[in-house]
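Enquirer: A structural model of the following input is requested.
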Amino acid sequence: MDKEIERLQKQKERLENTYKTGIISEEEYHKSLKSIDAKLRYSAKKKIDEKKKKEAINEILDTRAKPKKEDKREAYLREVKAMETKSEKKQVKKHKEDKESETSKVKIVPYYDDIKSEDEFAKENSNNGYEKKVKGARKEKNNAVMNSYNHDNNNDNNDNEPSFWGNFGAFLLLLIIIVGILFFVNKYTQVLTPQSNTVTIYEYSDFFCPYSAAMQTTLKKVKEDYGVKVKIYQRQFPNTEIHPLAKLAAEASECADDQNRFIEYHNQLFFPKKDIKIENDLISLAGDADIESVDQFKDCLLNHDKLANVEEDIAEGKELGVKTTPTLVIDGELLVGAQPYEVVKAVINKHLKG
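Expert: Next up, the predicted model:
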């Protein structure tokens, strides 16, 4: 995104230079400037929104650890075991409380010197069946206690039995909450792509490339047919391996731009009246391009004042994927070679909106 902002700022500078040269009208300049400023604001807002979105997602991921995957059967058995342990503790506690309760219910009788133990009393009254009655009463009492214990135990087991649907419902609710949060973050941090009714074309060319010269006719027709809907900017991409004088010619065109004669000099380079073979031929073209101060132009060229501008265009083109000339970059889409007008027109129409 930082590169996009930097690219738009450079485009804005180029637009101002083009306006100063008189290539475009004031109305076209202001419309183009407004479009670039809108894209700059959009890019800056998108950068901020992407940062907020990333922070929001990181916050969600930090606060909600991803649950560890666990087999459903293992999870169920683990819960059952936990319930059984809890039930056993409860049963032991209840049994202890029952025992203490029974102890507390023992009747305290007055103390007499002649009191006898229950066993002695039973021996003495064995004939009248007392021992059988005592043993029977103990057995009935024990049975009643065990029945009560078993009944309570069964109730506890039924109450503590884990519910599959309850666990599933809790998991489903948590999942819905997470999805809802992600949907909210995604929906309200999206930035709508602004609609544009203009297309920008960057022409990467070499003044000594015959195919770049042929492309000038196509671009002229594009300008005639589309008018202000299409913005065309020339970029330097000299190939010194094939054309040794190409980079110096690119510098010369930039020097002519200082005196608002870029287009005139540009046309003289692409369609010269005589062959350009040496440095002095580039200087002699200044008169044909109606450059007012030839001496100023000459000093600019010999001192290589515009070499940095040319190298900047070359670096920018390589970053975009430009490898040969001519190459058109139409709203970010590369179109390589001297393509016929119909091909260029089809790509422009694809990118026109509104």
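
Enquirer: Go through stretch 10-28 and flag the buried ones.
Expert: Using 16 or more other CB atoms under 10 Å as the test for burial, stretch 10-28 gives 11-12, 14-15, 17-19, 21, 23-24, 28. Where you see a C-beta, it was placed from the backbone N, CA and C, and this is true even at glycine.

Enquirer: next one: stretch 282-289
Expert: 282-283, 285-286, 289.

Enquirer: Can you list the neighbours in contact with it?
Expert: Residues external to stretch 282-289 that are found in contact with it (CB atoms under 8 Å, 6 or more residues apart in numbering): 245, 248-249, 252, 256, 261, 264-265, 267-269, 272-273, 276, 294, 297-298, 301.

Enquirer: Report whether Lys3 is found in a helix, as I expect.
Expert: Yes. Under DSSP: H, G, I helix; E, B strand; the rest coil, Lys3 falls within a helix.

Enquirer: In the stretch 151-300 of the chain, where is pLDDT below threshold?
Expert: Applying pLDDT under 70 to the stretch 151-300 of the chain flags the ranges 151-166, 184-196.

Enquirer: Enumerate every residue touching Asn267.
Expert: Going by CB under 8 Å, 6+ apart, the list of residues near Asn267 reads Ala289.

Enquirer: so for the helix or strand containing Glu316, what's the average pLDDT?
Expert: Assigned by DSSP states H and E, Glu316 belongs to helix 307-320. Regarding helix 307-320, the rounded mean pLDDT is 96.

Enquirer: Buried ones in it, by neighbour count?
Expert: 309-310, 313-314, 316-317.

Enquirer: one step back: quick one: buried ones out of the contacts of stretch 282-289?
Expert: Using 16+ other CB under 10 Å, the buried ones in these are 245, 248-249, 252, 256, 261, 264-265, 268-269, 276, 297-298, 301.

Enquirer: Now secondary structure too, for these, in JSON lines please.
Expert: Output for the buried ones among the contacts of stretch 282-289, formatted as JSON lines (three-state DSSP):
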{"residue": "Leu245", "secondary structure": "coil"}
{"residue": "Leu248", "secondary structure": "helix"}
{"residue": "Ala249", "secondary structure": "helix"}
{"residue": "Ala252", "secondary structure": "helix"}
{"residue": "Ala256", "secondary structure": "helix"}
{"residue": "Arg261", "secondary structure": "coil"}
{"residue": "Glu264", "secondary structure": "helix"}
{"residue": "Tyr265", "secondary structure": "helix"}
{"residue": "Gln268", "secondary structure": "helix"}
{"residue": "Leu269", "secondary structure": "helix"}
{"residue": "Ile276", "secondary structure": "coil"}
{"residue": "Phe297", "secondary structure": "helix"}
{"residue": "Lys298", "secondary structure": "helix"}
{"residue": "Leu301", "secondary structure": "helix"}
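
Enquirer: Tell me the one of these nearest Ala44?
Expert: Nearest to Ala44 among those: Ala256, at 34.6 Å, using CB to CB.

Enquirer: and that closest one, how far is that from Asn309?
Expert: 12 Å (CB to CB, to the nearest Å).

Enquirer: repeat for Phe207
Expert: Where Asn309 is concerned, Phe207 sits at a distance of 15 Å (CB to CB).

Enquirer: same thing with Tyr19?
Expert: As for Tyr19, its distance to Asn309 is 17 Å (criterion: CB to CB).

Enquirer: for Ala338, same thing?
Expert: 25 Å.

Enquirer: circling back: could you dump the buried residues of stretch 282-289 to JSON lines with distance to Tyr233 and secondary structure?
Expert: JSON lines is the format used below for the buried residues of stretch 282-289 (distance: CB to CB, whole Å; DSSP: H, G, I helix; E, B strand; the rest coil):
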{"residue": "Leu282", "distance to Tyr233": "22", "secondary structure": "helix"}
{"residue": "Ile283", "distance to Tyr233": "26", "secondary structure": "helix"}
{"residue": "Leu285", "distance to Tyr233": "22", "secondary structure": "helix"}
{"residue": "Ala286", "distance to Tyr233": "23", "secondary structure": "helix"}
{"residue": "Ala289", "distance to Tyr233": "19", "secondary structure": "coil"}
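
Enquirer: Dump the residues you listed to CSV, plus distance to Glu203.
Expert: Below are the buried residues of stretch 282-289 laid out as CSV (distance: CB to CB, whole Å):
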residue, distance to Glu203
Leu282, 21
Ile283, 25
Leu285, 20
Ala286, 23
Ala289, 19
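
Enquirer: and of these, the nearest to Val344?
Expert: Closest to Val344, out of all of these and judged by CB to CB, is Ala289, at 27.1 Å.

Enquirer: The closest one and Asp2, how far apart?
Expert: The value you get for Ala289 to Asp2, if CB to CB is used, is 38 Å.

Enquirer: how many neighbours does Lys274 have?
Expert: For Lys274, the neighbour count with other CB atoms under 10 Å is 9.

Enquirer: do Asn58 as well
Expert: 10.

Enquirer: Look up which helix or strand it falls in, please.
Expert: helix 26-63.

Enquirer: Please spell out which residues along that helix are buried.
Expert: Buried residues in helix 26-63 (16+ other CB under 10 Å): 28-29, 31-32, 35-36, 39-40, 42-43, 46, 53, 56.

Enquirer: Export these to a markdown table and append columns for pLDDT.
Expert: Formatted as a markdown table, the buried residues of helix 26-63 follow (pLDDT from 0 to 100):
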| residue | pLDDT |
| --- | --- |
| Glu28 | 79 |
| Tyr29 | 77 |
| Lys31 | 80 |
| Ser32 | 83 |
| Ser35 | 83 |
| Ile36 | 83 |
| Lys39 | 82 |
| Leu40 | 79 |
| Tyr42 | 81 |
| Ser43 | 81 |
| Lys46 | 81 |
| Lys53 | 78 |
| Ala56 | 73 |
